[in-house]
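Undergrad: Here is my input; please provide its structure:
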Amino acid sequence: MRPRNNRIMFSLAAFIFLGVGALLFYRRYSAKRSSMATRPGGFLFKIGYFLYTRTRLGYMYHLKNLTKMRQKFPEGHSVVTPVEFQGLKICPIPLLEDNYSYVLIDTTDSVAVVVDPSDAEAVQNFLTEENVKLLGILTTHKHWDHSGGNSTIKSRHRNIPVYGSSSDSIPGLTHPVSDEDRIQIGNFNFTVKFTPGHTRGHSVYILDGTPYSAPDSLFSGDLLFIGGSGRMFEGSPLTMLRSLDTVCHLRDDTLVWPGHEYARDDLKFAMTVEPDNISLQNKLKWVEDKRKERLMTCPSTIGEEKLYNPFLRTSEGKIQQNMGVKIEKDDSEKIRTATLAAVRQSKDSHSYRL
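TA: As a prediction, this is how the structure comes out:
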């Protein structure tokens, strides 16, 4: 039995060594914007993405990255300020290199819900400082930089629900959600929107602001950023277009709370798509002034995003023209899909963002 056990151990060690090597290789070349590595469907992309999302190696990489980013940003990557309404406080938590988790506090009952807690330690420290009881976790998608803290937090807070799509491999999932589900957690009321594209199970959550005399709040994960949108890892341009349309149809005053601090990078890219857009120029200047002081740039609103975010402006003739989209047949959805695909391809070559 000993030789057989030795072979098993050797095979396991070889798998881990090769897996970690492939994952690090993928990340390094992705950062350099290698088309082979970053193109969805490319060989290196498939290897790295599989390891990151479907194996324990991805979680190991996430933990290593957490340690690294805590050392790099001991106070967080951005200076954040809670936004308060009547009985509600929305608290962005800066995590990793540019992620945001959000703790929503019902200040009347001193209870909270957390969205996308990638760093369990940072979220737990914040809950302790605020002296609030955690009632539940909302997860937009499976990527470790959004879900990596789920299981640890759940182990500390027994019996709390963890919401997310069953189409994604959400850690600690207890309550699968579907499109248009209504979720009540304490006094918080959320509506779920199924928004695949970034991952096959990506979902967003809309907090009803009415009880707090506040606008609704969209927690958009990696679907929608300020001036940008997440990559189409597990969906077609048409799928992503329809997901973006889902949030584009929300009320204009809906607050947008994105999963990443990408505003400066995304708006700089948007300027290459629509350089004459005055709203875009003004927003970029505002963001650059904020980032000089490392201040957070969220939230924006749906109304604002429709003025300058190229991923929400695929019906604009100027953008279609600038992207070189030429479709003879008068098919609005087909034209917009081609425009979105062209914008996405251009963005991916402009800078690498997950």
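Undergrad: mind giving me the domain split of this protein?
TA: According to automatic domain parsing, the chain is divided into the following domains: 2-54, 83-350.
Undergrad: what's the average pLDDT for the shortest one?
TA: Over the span of domain 2-54, the pLDDT mean works out to 55.
Undergrad: got it, and the longest one?
TA: Regarding domain 83-350, the rounded mean pLDDT is 97.
Undergrad: where does it sit relative to the chain's centre, distance-wise?
TA: 6 Å (Cα atoms, centre = their mean, to the nearest Å).
Undergrad: Quick one: end-to-end distance for it.
TA: 33 Å (Cα to Cα, to the nearest Å).
Undergrad: my read: Ile307 touches Ile278, true?
TA: Careful, residue 307 is Leu; it's not Ile. No. The criterion here is Cβ atoms under 8 Å, and Leu307 misses it with Ile278 at 9.1 Å. Yep, even glycine has a C-beta here, placed from its N, CA and C like the rest.
Undergrad: For the two, work out which one has more neighbours and name it.
TA: The neighbour count for Leu307 versus Ile278, taken as other Cβ atoms under 10 Å, is higher for Leu307 (17 against 9).
Undergrad: before we move on, the earlier item: Lys68 is nearest to which of the domains of the chain?
TA: domain 83-350 (8.9 Å; Cβ to Cβ).
Undergrad: circling back to that earlier point, okay, the domains of the chain in CSV with distance to Gln71 next?
TA: As requested, those are arranged in CSV below (distance: least, Cβ to Cβ, whole Å):
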stretch, distance to Gln71
domain 2-54, 18
domain 83-350, 12
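Undergrad: Name the stretch among the ones you listed that sits most buried.
TA: Most buried of these, by mean neighbour count (mean count of other Cβ atoms under 10 Å): domain 83-350, with a mean of 20.
Undergrad: re earlier: and the domains of the chain: which comes nearest Tyr61?
TA: That would be domain 2-54 among the domains of the chain, by Cβ to Cβ, at 5.8 Å.
Undergrad: what sits against the closest residue to Ser166 other than its chain neighbours?
TA: Once flanking residues are discounted, Ser166 sits nearest to Pro176: 3.8 Å by Cβ to Cβ, 6 or more residues apart in numbering. Pro176 is in contact with 163-166, counting by Cβ atoms under 8 Å, 6 or more residues apart in numbering.
Undergrad: so which helix or strand takes in Ser155?
TA: Per DSSP states H and E, Ser155 falls inside helix 150-156.
Undergrad: In three-state terms, label Thr191 for me.
TA: Assigned with DSSP: H, G, I helix; E, B strand; the rest coil, Thr191 falls in the strand class.
Undergrad: Can you list phi and psi of the nearest residue to Pro211 once chain neighbours are set aside for me?
TA: With sequence-adjacent residues excluded and distances taken as Cβ to Cβ, 6+ apart, Pro211 is closest to Asn187, at 6.4 Å. When read as degrees, to the nearest 10, the backbone of Asn187 gives phi -90, psi 0.
Undergrad: swap in Val177?
TA: Backbone dihedrals for Val177, given as degrees, to the nearest 10, come out at phi -120, psi 160.
Undergrad: Likewise for Val343?
TA: With angles defined as degrees, to the nearest 10, Val343 sits at phi -60, psi -40.
Undergrad: list the contacts for the residue nearest to it when sequence neighbours are not counted?
TA: Spatial nearest neighbour of Val343, chain neighbours left out: Pro310 (5.2 Å); criterion: Cβ to Cβ, 6+ apart. Going by Cβ under 8 Å, 6+ apart, Pro310 touches 227, 269-270, 273-274, 319, 343.
Undergrad: just checking, which of those belong to helices?
TA: Applying DSSP state H to the contacts of Pro310, the entries found in helices are 269-270, 273, 319, 343.
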